[in-house]
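> Make a model of this:
(one chain, ligands or ions: 1)
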Amino acid sequence: MDPKQVVSSDPQPRQKLAASASAKAPPCTLIIFGAHGDLTKRLLTPALYNLVGAGLLDDGFKVIGVDRVDGSDESWRDELGQTMQEFTKDPDAEFYTPEINQDWWKSLSGRMHYYKADFTDIGQLEGLKAHVSGNVLFYMAVASRFFATVVENIGKAGMTKEEDGAFRRVVVEKPFGSDLVSAQELNARLLAVLDETQIYRIDHFLGKETVQNILAMRFGNGIFEPLWRREYVDHVQITACETVGVEGRGAFYEPTGALRDMIPNHLFQLLSMVAMEPPNSFSAETVRTAKEQLFEAVQPVRPENAIRGQYTAGSVQGREVQAYRDSPGVAHDSVTETYVALKLEIENWRWSGVPFYMRTGKSLTGRLTEVVVHFRQAPLAVFADTPIDKLAPNNLTLNIQPRQGITLGLSAKIPGPKMDLGAVQMSFRYEDAFSLTPNVGYETLLYDVLIGDATLFQRADNIEAAWRVVDPALKAWAADASGPEPYAAGTAGPAGADALLKRDGRQWMPLDRDDG
Ligand code: BG6
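Numbers count the residues shown, from 1 in each chain. Here you go, the predicted model:
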């Protein structure tokens, strides 16, 4: 990753990205398997549109969408054009823009071509070879069960060989396996066809500016790193809670559940950004090796430190929500968890004895993604007359979303003749300091694949190490028929999650608080 991309005082970071990159990505054919899929519509197309707008795509860049159903260049372009228009109507959409810049869209759509093929059928994929030369990026925007088959097929069709200085790269989406063994198998099948340097395992959390900013904050400032260790930190809370339920995704969610959906990928990426040792550079191998060393130090989770919940009917922010078990595609006696809380222990010199608590869930009372570093309580002697509960320990919140910024919790004197303390906050908000352009987070990631920067992508060993940590919980749950603890939609989750912290004398940060 270009450090300028992370550390920028420019008021327009996205434009800065364009300027600092100063080079367009090399010419390339992007082949998207799953041309009609949701990912292509909601995330890849807006990201490409933004890259056109930023002037980062070469004139020789083109896209071929592959899918099973009949279609033409025109019909595919129209379909995606309609989705782009929808984005102008919904300010809550993942990508909202008040209007579509027609020049950008024409420039992008004119390079988009449709190719009908069943990607599981090698015979049908062979014809694609005639359309492929030079640099090629294959994007697996398909269901995870097809990842290995498609890669094997493009390998057999002779499309993955890197010759004459041209690259052949593959982006693999999540979920990457469903446990340690399946992740190892998937890695083995991909690595039988490709070199590790050709594989880009994507995690969209790493496309978020606020997640990348964790590195900027930790390593671009001198004041945090000396405190960032067990001598000063009491514990860390990592939260990714949502108000949305499973909605129409029951068929995907039933065999997946909250743990597989969020923990070994997204929350482990947050964990790595917060807890890894400072890398000597932002080069891909250095950063990924620092993550690997951290993950190796994270102890396999103890089943008693893994809490699961499932939402029952309730009301989320005034909206009636049906029970998870009554959602389409979900079994009436489902034991799939929609909430998980974990306590993790890291055995290294920096973090030994500092618990890292993680939680994620659906249909909760608030939408909040954040990391909160709780520092140790100051010695109390000088405030002997101040009630203990007024002495708020310091905490540093890295606000990922919806609020984007950093908040430091402090104690300050309440004005008046007595020495009374009150909790106050110092906060930085992205929107106050920078002008933000609408983006979906995939812009940086796609650009990085095109220029061959794998820093924000997961290496095979990173993925397997994360699964190794959570595997004991998955195994214990599979063997325990009692299923997840119910919690009403619109609450903060199951009581067991509160008990997990309470037994350590701690409590979760409220989900519905208003930070400043
Ligand atoms: C996805 C999960 O990977 O991440 C979803 O499959 C989840 O279940 C989503 O809602 C959360 O991402 P974000 O960017 O909306 O926080």
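
> Next, count neighbours for the residue of the chain at minimum distance from the ligand.
Proximity of the chain to the ligand (Cβ to the nearest ligand atom) peaks at residue 261, 4.8 Å away. All C-beta spots, glycine's among them, are computed from the backbone N, C-alpha and C. Residue 261 is flanked by 22 other residues according to other Cβ atoms under 10 Å.

> which outside residues touch the helix or strand hosting it?
Secondary structure from DSSP states H and E places residue 261 in helix 257-262. The contact list for helix 257-262 (Cβ atoms under 8 Å, 6 or more residues apart in numbering) reads 175, 178-179, 240, 253, 306, 308, 336-340, 360-362, 470, 473-474.

> How about stretch 402-410?
209-210, 213, 217, 367-368, 392-399, 423-431, 515-516.

> at 6 Å what do you get?
With Cβ atoms under 6 Å, 6 or more residues apart in numbering as the test, stretch 402-410 has contacts from 210, 394-399, 424-430, 515.

> What of stretch 488-503?
307, 309, 311-312, 314-316, 321, 339, 341, 343, 361, 363, 365, 485, 487, 507-508, 511.

> now the end-to-end length of it.
By Cα to Cα, to the nearest Å, the extent of stretch 488-503 from end to end equals 23 Å.

> do you know how far the closest residue to residue 237 other than its chain neighbours is from residue 38?
Leaving aside its chain neighbours, residue 237 sits nearest to residue 372 (4.5 Å; criterion: Cβ to Cβ, 6 or more residues apart in numbering). Distance check for residue 372 against residue 38: by Cβ to Cβ, to the nearest Å, it reads 32 Å.

> Does stretch 351-366 reach the ligand?
No. Judged by Cβ under 6 Å from any ligand atom, stretch 351-366 makes no contact with the ligand; its nearest approach is 7.2 Å.

> ok, and what's touching the longest helix anywhere in the chain?
The longest helix of the chain (DSSP state H) is helix 460-478. Contact with helix 460-478 is made by 176, 179-180, 183-184, 187, 263-264, 268, 291-292, 295, 298, 300-301, 303, 306, as judged by Cβ under 6 Å, 6+ apart.

> In PyMOL, how would I select just the buried ones from these?
The buried residues among the contacts of helix 460-478 can be selected in PyMOL (16 or more other Cβ atoms under 10 Å) with this line:
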select buried, resi 176+179+180+183+184+187+263+264+268+291+292+295+298+301+306
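
> give me every residue that touches the residue lying closest to residue 266 once chain neighbours are set aside.
Spatial nearest neighbour of residue 266, excluding adjacent residues (Cβ to Cβ, 6+ apart): residue 205 at 4.3 Å. Going by Cβ under 6 Å, 6+ apart, residue 205 touches 211, 266, 269.

> can you tell me how far the first one sits from residue 478?
Which is residue 211. In terms of Cβ to Cβ, residue 211 sits 31 Å off from residue 478.

> So for these two, which residue has more residues nearby?
The neighbour comparison of residue 211 against residue 478 (other Cβ under 10 Å) goes to residue 211, with 23 against 10.

> Report pLDDT for the more buried one.
pLDDT, residue 211: 95.

> Confirm that it lies within a strand, as I assumed.
No. With DSSP: H, G, I helix; E, B strand; the rest coil as the criterion, residue 211 is helix rather than part of a strand.

> Tell me who's in contact with it.
Counting by Cβ under 6 Å, 6+ apart, residue 211 has contacts residue 205.

> rerun that using 7 Å as the cut-off
With contacts defined as Cβ atoms under 7 Å, 6 or more residues apart in numbering, residue 211 is in contact with 205, 269, 270, 273, 400.
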